[in-house]
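# take this sequence and fold it.
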Amino acid sequence: MTRDHLLRRACLPLLLAALAPAPAAAAPAAGAPRVPAYKVSETIPVSAAPADGRPRYPAFPALLELGEGRVLVTCKDGTGHTHDPGAEVATLVLDLGRGTRTAGPRFTPPAPLLYQCGEPVRLADGRIALFLDTQFIGPEPRHYRAPMRWSVSADDGRTFSAPAIFPVVDGVGYGYPQEGLTTGDTTHLLVMTFGYLTGGRWGMDVLRTRDAGATWTRVRNLAAEFGVPGFAEGGLLPHADGFLVVSRSYDRRTRLHEVDGEFRLRRQADLTGAAPWLNSYVGRPRLLRHRGEIYLIGRNWTRPIAGPGQASERNPLAFPPAQQLCLFRIDPATLQPTTCWILDNAEDGPVSDGYYAVTATTGAPDDERLHVLTYKAVAGGPTALVRLEFRWRELRE
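Predicted coordinates:
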């Protein structure tokens with residue numbers, strides 16, 4: 001998530017594209033971006049204003065479906081995008097059917113650290129593991145990753161164990177958790193490595209546990225496997241006998257990769273520029289599947305970007321056009337986007353930060369609803385955690 005200059009320089013040698021399999025054939029994208037006619041939007045309270053009156057900064061939501069329309073939500077609760085020691089991770093349970101909210105445990109880091117993102121994953125034994133992106137501020141001042149923490153709940157998120165430092169795996173310490181998923185008795189975790197942590201290696205690894213987190217092994221460094229310079233954000237989705245992986249990298253491009261069960265590359269495609277409404281990277285991309293269709297969601301720019309811009313994680317909106325939250329339908333035969341829906345900011349308003357997004361589905365088969373949890377700030381103001389709701393039938397047209 002950061003644009004740390006050390007990471008950018010050290011990851012560039014991972015560019016091995018000449019050795020990778022040929023990219024998937026492109027398919028023409030269909031039509032202009034669409035805007036759903038039905039949309040519900042509500043702000044989700046995260047914390048009360050502190051005594052000093054400084055605005056809070058809820059951001060970077062993640063969720064885990066608990067069943068019967070209930071979801072466990074985690075998000076940062078700090079005072080800025082970065083550089084805010086003491087920032088916490090808050091948890092809450094939303095009942096999407098009843099519209100209720102229940103506050104859960106909060107995670108406060110030991111001084112002088114801060115928690116940035118929390119990624120919940122259901123383990124094979126039914127417990128929930130919460131992986132905590134942990135940072136510290138260097139003397140420059142710049143922000144750096146500290147070793148990742150993790151915590152476990154045996155009661156669907158009502159209580160958690162005290163956060164512990166995640167173990168070193170094959171001689172490498174891990175930092176920024178991206179996404180985890182469990183199939184059968186196996187859990188995979190996509191997590192970033194940093195050259196200044198134990199092991200001294202930059203990359204994006206997939207880790208695996210087959211005993212509900214008691215032991216972990218490294219499967220593969222996907223930054224090297226894909227030949228992606230500065231693989232910084234990504235997501236996973238089970239697909240056929242393997243997985244689909246989406247990557248967002250510091251060269252401002254988003255790619256889709258098909259891998260086998262051992263995460264060996266089969267084919268990949270560059271999505272950036274594949275359609276007139278996909279003009280840069282897709283920020284914090286996530287993959288999802290609904291009724292057999294594959295979708296990608298994340299921050300996007302549907303209008304052309306003139307010049308390279310000066311975008312950074314502390315100023316993600318340096319691009320002249322407005323950023324938007326978009327949903328893309330993906331053709332699995334070509335790994336290319338075919339349709340784009342603008343889920344938020346179709347009016348090109350001054351959204352100054354936001355659009356890390358996660359999703360859940362509720363409702364009867366004839367009236368299914370897509371719920372999107374995201375965050376955003378307008379015109380440099382404070383951020384808010386937001387729930388958006390759409391009718392799936394509009395997104396299947």
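
# drop to CA atoms for contacts and neighbour counts, all remaining ones
Fine.

# show me what Val152 is bridged to.
Counting by DSSP bridges, Val152 is bridged to Ala129.

# contacting residues for it?
Going by Cα atoms under 8 Å, 6 or more residues apart in numbering, Val152 touches Arg127, Ile128, Ala129, Leu130, Phe160, Ser161.

# buried among those residues? Need that as a selection in ChimeraX.
Here is the ChimeraX command that selects the buried residues among the contacts of Val152 (16 or more other Cα atoms under 10 Å):
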select :127,128,129,130,160
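
# looking at the contacts of Val152, which is nearest Arg393?
Lowest distance from Arg393 to these (Cα to Cα) belongs to Ile128, with 31.6 Å.

# with adjacent residues omitted, what lies nearest to the closest one?
By the measure of Cα to Cα, 6 or more residues apart in numbering, the closest residue to Ile128 outside its immediate chain neighbours is Arg122, 4.6 Å from it.

# residues in contact with that neighbour?
Contacts of Arg122 were listed using Cα under 8 Å, 6+ apart, and they are Leu64, Ile128, Ala129, Leu181, Thr182.

# please apply the same query to Ala162.
With contacts defined as Cα under 8 Å, 6+ apart, the neighbours of Ala162 are Ser151.

# now Thr74
Applying Cα under 8 Å, 6+ apart to Thr74 gives the contacts Pro61, Ala62, Leu63, Val89, Ala90, Thr91, Leu92, Cys117, Gly118, Glu119, Pro120.

# name the nearest residue to it, ignoring sequence neighbours.
Closest to Thr74 by Cα to Cα, 6+ apart is Thr91, at 4.5 Å.

# quick one: the one you found from Val228, how far?
Using Cα to Cα, to the nearest Å, Thr91 is found at 33 Å from Val228.

# what does the spatially most central residue of the chain show for phi and psi?
Nearest residue to the geometric centre of the chain (Cα atoms, centre = their mean): Arg284, 4.2 Å. Main-chain dihedrals, Arg284, degrees, to the nearest 10: phi 40, psi 60.

# look at it and report its pLDDT.
At Arg284, the model reports a pLDDT of 98.

# which residue ranges of the chain form helices?
Secondary structure of the chain (DSSP state H): helices located at 5-11, 222-226, 392-395.

# picking up where we left off before, and the two most separated of the contacts of Thr74?
Taking Cα to Cα as the measure, the contacts of Thr74 span a maximum distance of 14.3 Å, between Leu92 and Cys117.

# higher neighbour count, the two?
Ranked by neighbour count (other Cα atoms under 10 Å), Leu92 and Cys117 place Cys117 first, with 27 against 22.

# for the stretch 201-350 of the chain, give me the ranges with low pLDDT.
For the stretch 201-350 of the chain, applying pLDDT under 70 flags the ranges 306-320.

# quick one: the strands in it?
Using DSSP state E, counting those that start in this stretch, the strands of the stretch 201-350 of the chain run over 203-209, 217-221, 231-239, 242-249, 253-259, 265-270, 283-290, 293-300, 324-331, 336-344.

# is it possible to get CSV of those that adds distance to Val169?
Putting those into CSV (distance: least, Cα to Cα, whole Å) gives the following:
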stretch, distance to Val169
strand 203-209, 8
strand 217-221, 6
strand 231-239, 20
strand 242-249, 22
strand 253-259, 22
strand 265-270, 22
strand 283-290, 25
strand 293-300, 30
strand 324-331, 34
strand 336-344, 34
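
# who wins for proximity to Arg142 among these?
Between Arg142 and the strands of the stretch 201-350 of the chain, the tightest spacing by Cα to Cα is seen for strand 231-239, at 17.1 Å.

# which helices and strands does that closest one pack with?
strand 174-183, strand 186-193, strand 203-209, strand 242-249, strand 283-290 (3 or more Cα pairs under 8 Å, 6 or more residues apart in numbering; DSSP states H and E).

# nearest to Thr43, out of those?
Of all the helices and strands packed on strand 231-239, strand 283-290 comes closest under Cα to Cα, at 20.6 Å.

# gap between the closest residue to Arg145 other than its chain neighbours and Arg253?
Closest residue to Arg145 apart from its sequence neighbours, by Cα to Cα, 6+ apart: Gln135 at 4.4 Å. Going from Gln135 to Arg253 by Cα to Cα gives 25 Å.

# next one: Gly173
Taken as Cα to Cα, the span from Gly173 to Arg253 is 27 Å.

# so Gln135 and Arg253 - more neighbours on which side?
Ranked by neighbour count (other Cα under 10 Å), Gln135 and Arg253 place Gln135 first, with 27 against 21.

# sorry, back to before: top of the contacts of Thr74 by neighbour count?
Highest neighbour count within these, by other Cα under 10 Å: Gly118, with 31 neighbours.

# contacting residues for it?
Pro61, Ala62, Thr74, Cys75, Lys76, Val89, Leu130, Phe131, Leu132, Asp133, Pro177.
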